[in-house]
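Q: Sequence and computational prediction follow.
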Amino acid sequence: MTKTVGILGGGQLGRMLAVAASRLGIKTHIFEPLPDPPAGDTATKIFSASYEDNGALVAFAKSVDVITYEFENIPTKALDALEKIKPVFPQRIALATSQDRLVEKQFLESIGLYVAPYAPVDTLEQLEEALETLGTPCILKTRRFGYDGKGQIRIETPGQAKTAFSALDGQSAVLEKFVRFEREISVIAARSTSGEITCFDPGENVHINGILHTTTVPAALPNHMQTDAVLLAAKILNALDYVGVMGVELFVGKNGLLVNEIAPRVHNSGHWTQNACLIDQFEQHIRAIFGLPLGNGQRHSDAIMTNLIGDDINHLEKHDNFALHLYGKSEVKAGRKMGHIIQLSPKSS
Ligand code: AMP
């Protein structure tokens, strides 16, 4: 009998998950409050309703076999309703951990991993104290609802504490020491319902204004660090008894690897797998949540993935030497992810 995956969120990640599902003979239902979502073009059915609409959530859950999501900020109440009806993967603990930067850091430390020095901030006094302890420069980040560099304020001197604190507008935050990293990398890892784990090769990421610009694979890392990165990612997945694909973002510093953040979903820095691997991150995620054997994620080529942000899609000069992935968004907006390109070259290592 045909299976159906339910995806919360209809953005480009949902769109590409639906394509991967269809290749496996699986139908996709999308739940998305906003009109005309990118995933609407590739899914079988869209439930266009708010996360407060219990009736719509129930109907959605009943219409699918397994539920997953393509963004982290899913209201807890919606999950309560859905979980009663169908399994939701990745499980709640992963979502709760990654939704709150403080909980996430405490979890990572509890399993023996390193993060940038940090302190929780709820009051101006706490911020001033933390700035004294950590030293400047620092980054003040809201604990919740931040993405693509949003909800982050860089603090260069202790004198900027007041302004930075007011900008939080009452939200809880963490202050993080600014890390002088050598490079940023990420590991895209998958774990199945049976506990099997597979990781794609670490990719090296360059951000511009907090938004991912390129991912290059292989990352320029010594072999032992590539191994460390993969083992560290596997440790996180095991500790959460995780099911699905996760993006683990890391800073590479003089003293080794620091975990920046984890994303319990397919990840922009894993898009290169679409053209450089036999099985890409989207297929791997669908396999994992349906309890199918994980695929061989070995890389057959070197790759550079470049995001097309805003107007970039209007300035593509040559089309013949890269794979083009467009998200079908009708309106070009500054800072909006419109698509990406992937360039391949023969495998170097
Ligand atoms: P985030 O939303 O936490 O992933 O931050 C977005 C980007 O900001 C990261 O990928 C880094 O390029 C930069 N960034 C975040 N936190 C730090 C930090 N503590 N030190 C240096 N750069 C950072």
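A: Looks like it came in fine. Numbering: from 1, shown residues only.
Q: Checking the residue lying farthest from the centre of the chain next. Helix, strand or coil?
A: Of all residues in the chain, the one whose C-alpha sits farthest from the chain's mean C-alpha position, using Cα atoms, centre = their mean, is G159 at 33.7 Å. Under the three-state scheme (DSSP: H, G, I helix; E, B strand; the rest coil), G159 adopts helix.
Q: count of neighbours near the residue of the stretch 1-150 of the chain found nearest the ligand?
A: Using Cβ to the nearest ligand atom, A116 is the residue of the stretch 1-150 of the chain that sits closest to the ligand, at 4.3 Å. From N, CA and C alone the C-beta is placed, and that goes for glycine too. Here the neighbour count serves as a burial measure; for A116 (other Cβ atoms under 10 Å) it reads 20.
Q: my read: it touches L258, true?
A: Yes: under the criterion of Cβ atoms under 8 Å, A116 makes contact with L258 at 5.6 Å.
Q: Next secondary structure after the top helix by length along the chain?
A: Among the elements of the chain assigned as helix by DSSP state H, the one spanning the most residues is helix 223-239. In the C-terminal direction, the helix or strand that comes right after helix 223-239 (DSSP states H and E) is strand 244-253.
Q: Run me through the strand neighbours of that following strand, direction for each.
A: Taking DSSP bridges as the criterion, strand 244-253 forms sheet pairs with strand 183-191 (antiparallel), strand 256-263 (antiparallel).
Q: on contacts alone, who are the packing partners of whichever helix or strand comes after the shortest one?
A: Translated: strand 256-263. On the C-terminal side of strand 256-263, the closest following helix or strand by DSSP H and E is helix 273-276. For helix 273-276, the packing partners by 3 or more Cβ pairs under 8 Å, 6 or more residues apart in numbering; DSSP states H and E come out as helix 281-289, strand 301-309, strand 323-326, strand 337-346.
Q: returning to what we had before: tell me, what's touching A116 and L258 both at once?
A: A shared contact of A116 and L258, defined by Cβ atoms under 8 Å, 6 or more residues apart in numbering, is any residue touching both; here these are V179, F251.
Q: Got the domain ranges for this structure?
A: For the chain, automatic domain parsing gives the domain ranges 4-88, 117-177, 183-346.
Q: about what we covered before: will you turn the strands paired with strand 244-253 into TSV that also has distance to the ligand?
A: As requested, these are arranged in TSV below (distance: least, Cβ to the nearest ligand atom, whole Å):
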stretch	distance to the ligand
strand 183-191	5
strand 256-263	5
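Q: With distance to N275 added, can I get the ones you listed in CSV?
A: Formatted as CSV, those follow (distance: least, Cβ to Cβ, whole Å):
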stretch, distance to N275
strand 183-191, 14
strand 256-263, 21
